[in-house]
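Q: Sharing a model that was predicted from the sequence below.
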Amino acid sequence: MRLWLLDADVVIKFLEIDVFDKLAGMHELHVASSVIDEVKYYRRNGKKIPVNFRQQYIDTCKVIESTALIKEIQDVLKCLPLLKQEAIHTGELESLAILVREEALTLCTFDAAAIRTLPFLGMTERAISAEQLLNLSGLTLASGHKLDVQLSEDYFRSNMDEGKKAFIYSIGKK
């Protein structure tokens, strides 16, 4: 699967729960340029573990870096209502723009604001929850790890439903 990791949070969480390297070995992973420098460390067993994401993953070709053009980001912003625009950070905007451009990518995120923008961009069918990704990949959490709520399918679906409602409501206002 050609997998698009939306933001630093999902990358860091996958590093924390010790599945990132396994995912990189199983799938073609992609991240936005703006996300790479945000991944500085993760925590495991209460310890802060530094990571040079560019050196460990980009330079070694384990993860593919992509950059959005300013026009692509502007086009995404045009599709979103003002409140959605304000809820999305720069890294997520760049990532969404690349997702729109690269139609073969499947998105994985647990960022609620980003999930809620997907109906506005026509991307609801190209996104999966972290839980679904782990299940499809045959990965289980290491002993002692519990799946965080925001990684769950229920959390993902709930936010997707909120985004669909907001999209339908916005159509009625036009």
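A: That came in fine, so what should we check first? Here the structure is a predicted model, which is why all the values come from computation and not from measurement.
Q: Give the closest residue to the residue positioned nearest the centre of the chain in space, chain neighbours not counted.
A: In the chain, the C-alpha closest to the average C-alpha coordinate belongs to Leu6, at a distance of 2.5 Å (C-alpha atoms, centre = their mean). Spatial nearest neighbour of Leu6, excluding adjacent residues (C-beta to C-beta, 6 or more residues apart in numbering): Thr109 at 3.6 Å. Glycine gets a C-beta too; all of them are placed from N, C-alpha and C.
Q: sorry, back to before: so the residue nearest to the centre of the chain versus Lys62, what's the distance?
A: Distance of Leu6 to Lys62, given as C-beta to C-beta, to the nearest Å: 18 Å.
Q: swap in Ser137?
A: Taking C-beta to C-beta as the measure, Ser137 and Lys62 are separated by 15 Å.
Q: in the helix ranked longest in the chain, what counts as buried?
A: What stands out as the longest helix in the chain, according to DSSP state H, is helix 153-173. The neighbour-count check on helix 153-173 (16 or more other C-beta atoms under 10 Å) flags Tyr155, Phe156, Asn159, Met160, Gly163, Ala166, Phe167 as buried.
Q: cool, and stretch 81-93?
A: By neighbour count, and taking 16+ other C-beta under 10 Å as the criterion, the buried residues in stretch 81-93 are Lys84, Ala87, Ile88, Gly91, Glu92, Leu93.
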